[in-house]
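**Student:** need a structure here:
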Amino acid sequence: MRSIDSHQHVHLREPARSVAIEIANDLRVPLRSCNSEARYVGGFYGQTAEGLSLPDVISIKGLIKILRELPNGISELGCHPGFADGLDTMYKSERTEEIKVLCDARIKEAIGAMGIELCSFADLPAKV
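**Tutor:** Okay, here's the model as predicted:
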């Protein structure tokens, strides 16, 4: 299942918002932060707006804190994991760290202990 998103959430501002909502409805896919069934959670990001590193945020402890604070219902965790070999971006080392944290057995254990069920966009209604 696909979903619609945009770089740095520009689809949340007009005139892009109206166009994105129309496209999402036509394609019958969710639009990030505009789907009443899923809440976007963007706190798992390892830099300030100025590009200063926030290693405590993208840590095991940081992610478990985010998971504990999730509201009831469906939440989408925004993150940027990836292997940054050859990638020219200021958010490079953090991508690799996100992978390590997301794949850590302690996160899997915490998800199970909290009763969190992982799902796909395919499980979401397409309504905007």
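**Student:** any idea where the helices of the protein begin and end?
**Tutor:** Assigned by DSSP state H, the chain shows helices spanning 16-27, 60-68, 93-102, 105-113.
**Student:** number of nearby residues for the nearest residue to residue 84 once chain neighbours are set aside?
**Tutor:** Of all residues not flanking residue 84 in the chain, residue 92 sits nearest, at 4.2 Å (CB to CB, 6 or more residues apart in numbering). (C-beta placed from N, C-alpha, C; glycine too.) Applying other CB atoms under 10 Å, we find 13 other residues in the vicinity of residue 92.
**Student:** so residue 92 makes contact with residue 82?
**Tutor:** No. The criterion here is CB atoms under 8 Å, and residue 92 misses it with residue 82 at 9.1 Å.
**Student:** Touching, residue 96 and residue 84? I think so.
**Tutor:** Yes. Between residue 96 and residue 84 there is a contact under CB under 8 Å: 5.9 Å.
**Student:** Below-threshold pLDDT in the chain: ranges please.
**Tutor:** For the chain, the stretches flagged by pLDDT under 70 are 1-9, 35-36, 124-128.
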